[in-house]
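Peer 1: I would like the atomic coordinates for the input below:
(one chain, ligands or ions: 2)
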Amino acid sequence: MKKEKISIVVPCYNEEESLKYFYDEITKVSKEMDDLDFEYLFVNDGSSDKTLDELRSLSKKDKRVRYISFSRNFGKESAMYAGLVESTGDYVAIMDADLQDPPSMLSKMYKYIKEEGYDSVGTRRVTRKGEPPIRSFFARMFYKIINKMSKVEMVDGARDYRLMTRQMVNAIIDLKEYNRYSKGLFSFVGFNTKWLEYENVERVAGETKWSFWKLFIYALDGITAFSTVPLAISSIIGIIFCLISMIMIFVIIIKTLIFGDPVSGWPSMMCVIFLVSGIQLFCIGILGQYLSKTYLETKKRPIYIVKETEKDNK
Ligand code: UDP
Ligand code: MG
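Peer 2: Ligands and ions are numbered 1, 2, ... in the order given. Take a look at the predicted model:
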């Protein structure tokens, strides 16, 4: 019988130092899981270091190594999408290059799919050891907020590390949106997912590419991509302010009729003007967020552009 194939998709952005550790580790795992054929699909996301050279030499050495190299940095979301599109395996796993997603968990993940009939096995870290406390705090807040706002469930601490069947991968490839937020997309397509928990592992080499600001923007992307509640909130604020102003108009008319109209109340008027115009700008801002996403979607720009693959390296 023909062996089934598993594709390991690895987004890499400036990972020249981690790659050799990763390759050794995944090769070890592939020896243990010898009932499967392996394909390692590295996606070089416009690295400015020697990542691409490293990938070229790996693919010369080992024919299981494939790579796609982007024309510039498109972000991890694009890299994961490209990996899924180009993968050929019956099963596909997405894994970070820095060994923060332990490859040794793969055989356990595979068992859940093969023996217990799950379509996908996701991982979540239960600790955030080695992470700045302020970042953990905001991350927790984000999950609380987005789960209240969105019908699609987002699991706190979920990593992008997961193993999926071809059927589920195809469902994800069919979601061709430009503003990608994978944690939401995985949950959106449904299927049965088993969650495995593990303790946070620190990266083996190099450093994280996520600054606090980048994560903050990513969180906003997540909210706008999977919830329209902010739009509803701004309409509700608008309605509340209309009601308040109607009451105020009524009170002021009565007061003027009874007491006349001496010029006073300038400070309170200024306060009201500042408050209301602030809220207006805030609501227009929310509207702008959705409009800008719609604008980018309608352009239908490609999610990634490939400059080189292992086929060019023969
Ligand atoms: N990554 C990528 N493109 C980017 C940023 C990151 O392909 O623009 C890859 C990176 O090489 C790594 C993975 O995404 O394999 C996770 O990145 P990182 O370790 O910096 O994130 P963290 O683990 O700190 O969340
Ligand atoms: Mg990492």
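
Peer 1: do I have it right that Gly89 meets Arg166?
Peer 2: Yes - Gly89 is within contact range of Arg166, at 7.3 Å (criterion: CB atoms under 8 Å). Just so you know, the C-beta spots here come from the backbone N, C-alpha and C atoms, and that holds for glycine as well.

Peer 1: all strands of the stretch 201-314 of the chain, in order?
Peer 2: 306-309 (DSSP state E, counting those that start in this stretch).

Peer 1: how about the closest residue to ligand 2 within the stretch 201-314 of the chain, what does it touch?
Peer 2: Nearest residue of the stretch 201-314 of the chain to ligand 2: Arg203, at 4.7 Å (CB to the ion). Residues in contact with Arg203 (CB atoms under 8 Å, 6 or more residues apart in numbering) are Ser18, Asp96, Asp98, Leu99, Gln100.

Peer 1: pLDDT at the third one, what is it?
Peer 2: What it means is Asp98. Here the pLDDT value assigned to Asp98 is 87.

Peer 1: so, low pLDDT: which residues of the stretch 1-150 of the chain?
Peer 2: 130 (pLDDT under 70).

Peer 1: which bits of it sit near ligand 2?
Peer 2: Neighbours of ligand 2 within the stretch 1-150 of the chain, by CB under 5 Å from the ion: Asp96, Asp98, Gln100.

Peer 1: what does this protein have sitting close to ligand 1?
Peer 2: Residues of the chain found near ligand 1 (CB under 6 Å from any ligand atom) are 11-13, 15, 45, 73, 75-76, 79, 96-98, 100, 203, 208-210.

Peer 1: one more time with 8 Å
Peer 2: Within reach of ligand 1 by CB under 8 Å from any ligand atom, the chain has these residues: 10-15, 18, 43, 45-46, 73-76, 78-80, 95-98, 100, 160, 203, 206-210.

Peer 1: show me those that map onto strands.
Peer 2: Counting by DSSP state E, the residues of the chain next to ligand 1 place Val10, Pro11, Cys12, Val43, Asp160 in strands.

Peer 1: how many neighbours does the third one have?
Peer 2: By other CB atoms under 10 Å, 27 other residues sit near Cys12.

Peer 1: so how far is Phe250 from it?
Peer 2: 65 Å (CB to CB, to the nearest Å).

Peer 1: contacting residues around Val65?
Peer 2: Counting by CB under 8 Å, 6+ apart, Val65 touches Tyr23, Tyr40, Phe42, Leu55, Leu58, Ser59, Glu310.

Peer 1: show me which of those residues is closest to ligand 2.
Peer 2: Checking the contacts of Val65 against ligand 2 with CB to the ion, the nearest one is Phe42 at 15.2 Å.

Peer 1: who's more crowded, Gly89 and Arg166?
Peer 2: Higher neighbour count among Gly89 and Arg166: Gly89, with 21 against 17, using other CB under 10 Å.

Peer 1: spatially central residue in the chain, please.
Peer 2: Tyr181 (4.0 Å; CA atoms, centre = their mean).

Peer 1: for ligand 2, see how far away that residue is.
Peer 2: 18 Å (CB to the ion, to the nearest Å).

Peer 1: what does the model give that residue for pLDDT?
Peer 2: At Tyr181, the pLDDT value in this model is 88.

Peer 1: could the contacts of Arg203 go into TSV alongside neighbour count?
Peer 2: What follows is the contacts of Arg203, written out as TSV (neighbours: other CB atoms under 10 Å):
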residue	neighbour count
Ser18	23
Asp96	19
Asp98	23
Leu99	20
Gln100	18
